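K.L.:
quick one, what's the 3D model for this:
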Amino acid sequence: MRILVASGFFESGLPSYREYSYCQQLAAAGHEVALMCGDQSQIWSRSRVKLAVTDPLANDAQFVAETGVRLLRRHVFLRYSDFVLYRPLVGEIRRADVVHIIEFRTGTTVLIAALAKLFGKPVVYDHEQRGDRLATWYSRADSLWRRLLVRTGSLFVDAVRHTVLANREHFLANCVKRTREKVETMFAPLGVDPQRFYFDPVARTALRERHGIAPDTPLAVMTGKLHSYKRVPEVVLACRQAGFRLMLVGSIAQDVRAALAELPPGDEIMLDQVSATELRAVYSAADVAVFTTFTLSYWEAHATGVRLLIPDSPFSRLVFEDDAEVRRYGEAAMFRVPDEEYQPQARIAEPLAAGLVALRARLADPTLRRASQLRFSAQTQAAKLIELYDRVRHPSVAR
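P.N.:
Residues are numbered from 1 along each chain as shown. Here you go, the predicted structure:
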């Protein structure tokens, strides 16, 4: 199959990004893959958020050599924020069997989708925007422009993929009516590399020994950017109540450190941000990974076979309803923003503790053997993507 992936940006030094991961896995499956993209950094030099501008071309040669993907860099001649314009290669669109668009908000991707539809090519679209930015007048103007791009692009799509339900809802709220009525939408997480995240019993033993944790001590971990909205002190209290040792791994905000200092002394372990290799060891050493808001780390932790304790929500039910190793706590009403921001009055320590107690009971079952999980692996997600390509190419057969 000849697959054209089109995006406004591509950072060849970031293997975790969708453009890199999709193309790599599709090419590894034996398909002819081309990636058309601009030549500018995803960081806009004039942004009010002063971040260092990256060099998106730095690893282009290595990317091409390792994946076999044809990289079609195009010169961006006009840019404002995430909106970029470059001249698409019409011949590449004509020869493709399917065109996969990443984000209409980048502008040129709308034009590529329109050309693909003009040439009779099926279009698969990835929508990652969750909502509008409304804090300032220029944010509102930018959001209005993005909605217009999404609405225009929706005229040309045959299938839409999203990672969380908020992505799907944002797209459906802004697309044209006929697309909303006929388009196929589906949950599609970015796959995890099983060579990086898997259950490692040797690393489990070594990390526990290094931190003085007995082999039979129940261990919970909480990883990532630990800000106050993630309710870290309540996780600490829940683990103490349920008899779990807790390891906090990642960057801890100053207000969170201050809140933790006000708690009675405990035996929690705190580590700074770690490499992917060390994070695999952390998840392998743990019995439960606690997440109080949605994060892409769901998939990395799940791949190591650690049990997950996550909030109850329509999204977590959609993804994990049939997974006995995932426990949901609380209720959807505890969120003000689904899976992201709690209601001010919500208290989660007690439901967290109840979830930990239930998972501890499963740990005592000798018939349950821990193993690596491939459900959210990059290869599994690529196989599902290929099946989707086949459906949109042959809709009469799919029906």
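K.L.:
quick check, pLDDT for the residue nearest the centre of the chain.
P.N.:
The C-alpha lying nearest the average C-alpha coordinate of the chain belongs to L296 (CA atoms, centre = their mean; 4.0 Å). For L296, the model assigns a pLDDT of 84.
K.L.:
phi, psi of the closest residue in space to it that isn't next to it in sequence?
P.N.:
The spatially closest residue to L296, leaving aside those adjacent along the chain, is L190, at 6.7 Å (CB to CB, 6 or more residues apart in numbering). Just so you know, the C-beta spots here come from the backbone N, C-alpha and C atoms, and that holds for glycine as well. L190 adopts backbone torsions of phi -70, psi 120, taken as degrees, to the nearest 10.
K.L.:
pull the contacting residues for L190.
P.N.:
Neighbouring residues of L190 by CB atoms under 8 Å, 6 or more residues apart in numbering: 16, 18, 21, 163, 296, 299, 378, 381.
K.L.:
mind showing which ranges of the chain have poor pLDDT?
P.N.:
Within the chain, the segments meeting pLDDT under 70 span 48-51, 130-135, 137, 397-399.
K.L.:
who are the contact partners of the residue nearest to the centre of the chain?
P.N.:
For L296, the contact set (CB under 8 Å, 6+ apart) comprises 163, 189-190.
K.L.:
show me which of those is closest to P88.
P.N.:
Proximity of the contacts of L296 to P88, judged by CB to CB, is greatest for L190, which lies at 24.8 Å.
K.L.:
let me have the contacts of L296 in TSV, adding distance to Y389 as columns.
P.N.:
Supplementary listing: these in TSV, determined by distance: CB to CB, whole Å:
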residue	distance to Y389
T163	19
P189	18
L190	17
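K.L.:
could you report the neighbour count for K384?
P.N.:
15 (other CB atoms under 10 Å).
K.L.:
break this protein down into its domains, please.
P.N.:
Using automatic domain parsing, the domain ranges for the chain come out as 2-190+378-398, 201-363.
K.L.:
and the residue nearest to L296, how far is that from T277?
P.N.:
For L190, the distance to T277 (CB to CB, to the nearest Å) stands at 19 Å.
K.L.:
repeat that for T163.
P.N.:
Taking CB to CB, one finds T163 at 25 Å from T277.
K.L.:
look at these two and report which has more neighbours.
P.N.:
With other CB under 10 Å as the criterion, T163 and T277 differ in neighbour count, and T163 comes out ahead with 21 against 11.
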